[in-house]
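Participant: Compute the structure for the input listed below.
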Amino acid sequence: MLFLCDAQGLIGREMFAIDGVKLPSNASKAKSGTRAEFARQAAKLEGEVRKMLERHREADDKPTEPGLAEKETKRIKRLQKDAAQMRQWLGDNPEDRRGAKGAIRKSNRTDNESAKMATSKGVIQGYCGVAAIDAKCQVIVEAQAHGSGSEQELLVPVVEAMRDLIEQDSIVTADAGYHSEANLKALAELQVEGLIADNAMRKRDERFAAQDKHKAQPDPLWDKTPNQKKTRLFGPRDFHYDEDSKTCICPAGEFLYQNGSRVLIQGREAVKFTGAKRVCGPCPLRNQCLRHPDRTPVRQVVFFTGKHHRPESHTERMKSKIDSEEGRRRYGERFATVEPVFGNLRHNKRLSRFTLRGRTKVDTQWKLYCLVHNIEKLAHHGYAQ
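Facilitator: Below you'll find the model as predicted:
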């Protein structure tokens, strides 16, 4: 299908927008947990069965309500069956699931390749369907489904899969969910031009200065308690630092000792000052100066000199690129490229959840829906012209 779309000139190769949608799968969220949690649940069920059997033995010679013994017998069998299924699963899966960094991820006894994912409508048990879309006619050039709620680890596999379509002048765009220093380094090694937003991109953009007024306000009827204003602590601006004499005076008017003149903090050169115990101990401004005045003896303050002693990171270079006028213009095209595609798949095609189990089957189902989307593009923008 991609070959036919390309033959009809529907793939421009100028910009590819990568994004994902998290959908529920054919798996029960209640059956998620680690091996240790499943072992505790099985032991709890087995303990409950033992208690019920003991009560049965004690009540053998006593009159019982009609039908009650039969109900308890059915409940015992059900609990024994659930505990046996957990023990069987633990035997078939001797290892916990691990993430990309080795951390333990929760398994699922219904579909162990699915994952718990946080969405705007709550936590779901499902898969993340990722798609790479060409900006010219919104043709999906790569589609993958992964049982992972972390989007960061999904960027590189998608870019590598579509490597043959990326040309020297092509650019790959993605939102802040795919941003990490490791991903930007991988794109540089693959020699792929990218625009990957970071979490603070909109805060640096003056066009979003008034975005807070569009956010939902808290319900005033929900909580009537007054907001407790936090006491503002003294910051470096409240300390008087004389660069020529290398002295520092705190808000209480006391001199601080210099305990480092060329200290490197994250590659930046700084000057450090600290107070004396005899001065900071009885100081009446401790609560305004120290975050934990009960256990922190003295105040320390750092002044950066502006000198850098490390090479520019990939994240810093990406910030400069995406904050430029051209970077903002090109990244602004991403939203109009990817969101209509997901709207078509979810609303028009009624893809509200994955109905199969296992990553291979779910990935196939996701690719089939994307295939139908491309067939429509070929019919409407290719052969119809």
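Participant: Helix, strand, or coil at the closest residue to residue 170 other than its chain neighbours?
Facilitator: In space, residue 170 comes closest to residue 13 once its chain neighbours are excluded; the distance is 5.2 Å by CB to CB, 6 or more residues apart in numbering. In short, each C-beta sits where N, CA and C put it, glycine included. Under DSSP: H, G, I helix; E, B strand; the rest coil, residue 13 falls in the coil class.
Participant: Next, the contact list for residue 275, please.
Facilitator: Taking CB atoms under 8 Å, 6 or more residues apart in numbering, we find residue 275 in contact with 250, 254, 256, 257, 298, 299, 300.
Participant: What is the nearest of those residues to residue 361?
Facilitator: Nearest to residue 361 among the contacts of residue 275: residue 300, at 57.3 Å, using CB to CB.
Participant: what bridges to that closest one?
Facilitator: residue 274 (DSSP bridges).
Participant: Residue 369: what's it in contact with?
Facilitator: Residue 369 neighbours (CB under 8 Å, 6+ apart): 345, 349, 351.
Participant: pLDDT score assigned to the first one?
Facilitator: As predicted, residue 345 sits at a pLDDT of 96.
Participant: residues touching it, list them.
Facilitator: Contacts of residue 345 by CB under 8 Å, 6+ apart are 21, 351, 369, 370, 373.
Participant: Next: residue 357.
Facilitator: By CB under 8 Å, 6+ apart, residue 357 lies in contact with 25, 26, 27, 110, 111, 114.
Participant: Compute the number of surrounding residues for the last one.
Facilitator: Neighbour count for residue 114, taken as other CB atoms under 10 Å: 29.
Participant: thinking again about what came up before, in JSON lines: the contacts of residue 275, plus secondary structure and neighbour count.
Facilitator: As requested, these are exported to JSON lines (DSSP: H, G, I helix; E, B strand; the rest coil; neighbours: other CB atoms under 10 Å):
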{"residue": "250", "secondary structure": "coil", "neighbour count": "21"}
{"residue": "254", "secondary structure": "coil", "neighbour count": "16"}
{"residue": "256", "secondary structure": "coil", "neighbour count": "22"}
{"residue": "257", "secondary structure": "strand", "neighbour count": "13"}
{"residue": "298", "secondary structure": "coil", "neighbour count": "18"}
{"residue": "299", "secondary structure": "coil", "neighbour count": "25"}
{"residue": "300", "secondary structure": "strand", "neighbour count": "13"}
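Participant: which of these sit farthest apart?
Facilitator: Of all pairs in those, the most separated under CB to CB is 254 and 300 at 13.7 Å.
Participant: how much space is there between the residue nearest to residue 290 when sequence neighbours are not counted and residue 287?
Facilitator: Distances taken as CB to CB, 6+ apart place residue 296 nearest to residue 290, at 4.7 Å, with adjacent residues excluded. To residue 287, residue 296 is 11 Å away according to CB to CB, to the nearest Å.
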